[in-house]
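Novice: sequence first, then the predicted structure, then my questions.
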Amino acid sequence: MLVATHDELSGFELAEQLGVECWTGDLTRRDAAESIFSQCLATFGRVDALFNVAGLSGRRFGDGPVHEIEDDGWDTALVYNLTIAFRMSRAAIARMLQQDPGPDGERGAIVSLGSVLVDAPEPRHFATHAYAAAKGAVEAMTRSMAARYAAQGIRVNVVSPGLARTPAGERSYTPELQEFVRGKQPLTGGLIEVEDVARAALFLLSSSARAITGQVLSVDGGWSVTGV
C-alpha cells in the first residue's frame, strides 16, 4: 500500500502506523499522478486499487451560493475535488489495462469519495455549489468509467459520506450545526466516524465486491432519507 498526501508530517506518521509506503508533494501538480504511480510500481510492480480521497471545502477560497462564487473559489473546488481524482484515475486505469488480471479475474478497482450533498443538498449550512458540482462530476465520471472498463475487468465506484469527523468537519461544527446533524444523521447521532467510511471503501475495493461497479454507496448516517 502507498499513501499519497500533501501533508508530509501526517503522511509519514500514517505510513509508519500502517507499515506502508508514503509519497508527499503537491497533488495539484500535473505530473503528481505519474510520480505517485512510478513509486508504487517500483515497490509493488502493479496497481490493484486506488482510493481517491483528496479534497477540500472551497468555502474559504470563495465557494458558496452560485451567485456569490468567485472564480478562485470555483477553480479551487474543482481542482481539489475533481481534477486530482481524474488525473489519478487516468494514471491508474492506464496501468491496469496493461497488467494481467489477478486471481479473482480483475485488473483493478477504483473508489472515489463523493458527497451526500450531490443528491441531498442542504441550503442552510452547506450552500457550497462549486463543491457540490465537483462531487456530482465525480459521480458522473465514475459511472462513465465503470461502463467503459467493465469488460476489461476494472471496477469503479463511489463512497458518498455525510458529515464525518474529519479536521474540516470538526472545524465547522458549531453548536447550531451540531443540533442539526444530530437529527439529520440519526444513525450516528452526530458526526460519522471516518472508519465507517473507510470500511465501505475497503469493501468496494475488495474481491467481495467483484460484481459491483458504477455504484454510489452512501455512508451518511441516514442524512439522505431524513426530512430534517
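Specialist: That came in fine, so what should we check first?
Novice: CA atoms for contacts and neighbours, from now on please.
Specialist: Noted.
Novice: ok now the longest helix anywhere in the chain, how far from the chain's centre?
Specialist: With secondary structure taken from DSSP state H, the chain has its longest helix at helix 129-149. Distance of helix 129-149 from its chain centroid, counting by CA atoms, centre = their mean, to the nearest Å, is 11 Å.
Novice: same check, this time on stretch 98-113
Specialist: Counting by CA atoms, centre = their mean, stretch 98-113 comes out at 18 Å from the chain centroid.
Novice: what do you get for stretch 26-35?
Specialist: 17 Å.
Novice: buried residues, it. List them.
Specialist: Going by neighbour count (16 or more other CA atoms under 10 Å), the buried part of stretch 26-35 is 27, 32-33.
Novice: domains in this protein, by residue range?
Specialist: Annotated domains of the chain cover 1-45, 50-225 [automatic domain parsing].
Novice: one step back: now the element after the longest helix of the chain, going C-ward?
Specialist: Per DSSP states H and E, helix 129-149 leads on to strand 154-161 as the next helix or strand towards the C-terminus.
Novice: can you tell me what sits against that following strand?
Specialist: Applying CA atoms under 8 Å, 6 or more residues apart in numbering, the external contacts of strand 154-161 come out as 93, 96, 106-116, 139, 142-143, 145-146, 149, 197, 200-201, 204, 210, 212-220.
Novice: same deal with stretch 137-147?
Specialist: Residues outside stretch 137-147 that contact it (CA under 8 Å, 6+ apart): 81-82, 85, 112, 114, 154-158, 213-216.
Novice: need the max-distance pair from these.
Specialist: Taking CA to CA, the two most distant members of the contacts of stretch 137-147 are N81 and I154; they sit 22.0 Å apart.
Novice: tell me which of those two has more neighbours.
Specialist: Taking other CA atoms under 10 Å, N81 and I154 do not tie; N81 has more neighbours (29 against 25).
Novice: residues contacting the more buried one?
Specialist: N81 touches 54-56, 131, 134-135, 138, counting by CA under 8 Å, 6+ apart.
Novice: with I110 instead?
Specialist: For I110, the contacting residues are 49-52, 89, 154-157, 205, by CA under 8 Å, 6+ apart.
Novice: of those residues, which is the nearest to P167?
Specialist: N52 (17.8 Å).
Novice: what segments of this structure are helices?
Specialist: Under DSSP H, the chain gives helices at 8-18, 32-44, 71-78, 84-98, 129-149, 167-171, 175-184, 194-205.
Novice: of these, which is nearest G64?
Specialist: Of all the helices of the chain, it is helix 129-149 that lies closest to G64, at 5.8 Å by CA to CA.
Novice: so which elements touch the helix or strand bottoming out on mean pLDDT in the chain?
Specialist: Comparing every helix and strand of the chain by mean pLDDT, DSSP states H and E singles out helix 167-171 as the least confident one, with a mean of 73. Helices and strands in packing contact with helix 167-171 are not found; criterion 3 or more CA pairs under 8 Å, 6 or more residues apart in numbering; DSSP states H and E.
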